[in-house]
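J.: what would the 3D arrangement of this be:
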Amino acid sequence: MTAGLYIHIPFCKSKCPYCDFYSIKYQPDVATRYVDRLISTMDDYSGTFDTIYFGGGTPGILPAEELGKIIAAAKDRFDIADRCEITVECNPSKDMARDFVQYKSYGINRISIGMQSAVDRERFALGRAAGRDKVQKSIVDARNAGIDNISLDIMLGTPKQSLESLDDTLHFVESMAVQHISAYMLKIEEGTRFYQMRDSLALPCEDDLSAMYLKVVDSLNKMGLRQYEISNFALPGYESRHNKKYWQLAPYLGLGKSAHSFWNGRRFYYDKKFNLVDDGVGGSDEERIMLGLRLTEGIDKSLLNRDVTPYIDMGLMVYKGDRVALTPQGMLVSNTIISQLI
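T.: Model prediction:
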């Protein structure tokens, strides 16, 4: 299977209160030096890639020319497929109309927009500066630039969110007719501002959170956005080719601070000082079970040594020919099920 290339851009305008990913405040001179250092690490590798994914942080905060420089360097050093899927994560608080035009010229053909919610009070509670109108403008601007593969992030279980307000977000998604949705449940992670505020956060109860998830699955499926992974939904043919590599144990190379790799059968990552850290051998059957059960296509039954009949009977798993997969109800308790199967 052809490999994927992940590029970590760790810069943000400000730190969101729920985010535990490595990121720092954007400074133009620091970012320029970072890009040069990142490009220099490419000389240590060779390979063929059919996806490039710019994650962060907020990759879209960089001047478009910097992303173009990274893509040009990758094409100079690696074998990049002609129909390479190239994704950039963007924050709608920045007016990116001109950036999208340049992105298109660099071969960027997929945009992931950090919406979280189409309800402004919920977005603002998550530390997002842009309102719904700016999210809509980003979608329109990307399409006007010729980029028609657009993904929106939705977050579930956030402060001020309810089952009724989730309808507003889902109606917005339907009106925008995007090709892909990533719907994540909020996790309160140590080291974040939300963790410090955890006792005072007014969050939906567990039953409401489960109902939100199942509503998203049902509503998006009705829109033609089929669930293909626990948190991801797409029109047919618009699944994230890059992210599927992670769950299918395809090789991927991660460059940049905190970027992880599964390369030549080993796992490793760059730390916050650009040091390379070995993380051991990857690709075990346990990993295949753990990652494969995230996908709605599931895993081959031969991987399992445990009887899954009780989960089938409870409606948490389902047989699909020679494969077994979690149902949406099973995905709500996937960590528990997977831990019992490996």
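J.: how about the residue lying closest to Ser334 once chain neighbours are set aside, what does it touch?
T.: Closest residue to Ser334 apart from its sequence neighbours, by C-beta to C-beta, 6 or more residues apart in numbering: Leu326 at 5.8 Å. Yep, even glycine has a C-beta here, placed from its N, CA and C like the rest. For Leu326, the contacting residues are Ile230, Leu293, Thr296, Gly298, Leu316, Met317, Val318, Ser334, Ile337, by C-beta atoms under 8 Å, 6 or more residues apart in numbering.
J.: wait, isn't the third one in contact with Thr327?
T.: No - in this structure, Thr296 sits apart from Thr327 without contact. The criterion is C-beta atoms under 8 Å, and the distance is 9.0 Å.
J.: the two: which is more packed in?
T.: Thr296 (19 against 16; other C-beta atoms under 10 Å).
J.: buried sites along the top helix by length along the chain?
T.: In the chain, with assignment by DSSP state H, the single longest helix is helix 206-222. By neighbour count on 16 or more other C-beta atoms under 10 Å, the buried set for helix 206-222 is Asp208, Leu209, Ser210, Met212, Tyr213, Val216, Val217, Ser219, Leu220.
J.: quick one: contacts of that helix?
T.: 154, 156-157, 161-163, 166, 170, 173, 181, 183, 185, 204, 226-227, 233, 328-329, 331-332.
J.: report the distance from that helix to the chain centre.
T.: Helix 206-222 sits 19 Å away from the centroid of its parent chain (C-alpha atoms, centre = their mean, to the nearest Å).
J.: with stretch 66-75 instead?
T.: The mean C-alpha position of stretch 66-75 is separated from the chain mean by 21 Å, C-alpha atoms, centre = their mean.
J.: by contact count, what packs against the helix or strand hosting Asp153?
T.: Counting by DSSP states H and E, the element that carries Asp153 is strand 150-156. On a contact count with 3 or more C-beta pairs under 8 Å, 6 or more residues apart in numbering; DSSP states H and E, strand 150-156 meets strand 110-116, helix 132-144, helix 163-176, strand 180-185, helix 206-222.
J.: repeat the analysis, applying 6 Å as the threshold.
T.: Identification of packing neighbours for strand 150-156 by 3 or more C-beta pairs under 6 Å, 6 or more residues apart in numbering; DSSP states H and E yields strand 110-116, strand 180-185.
J.: which one of these lies closest to Ala142?
T.: strand 110-116 (5.0 Å; C-beta to C-beta).
J.: what number of residues lie near Ile61?
T.: Neighbours of Ile61 under the rule other C-beta under 10 Å: 22.
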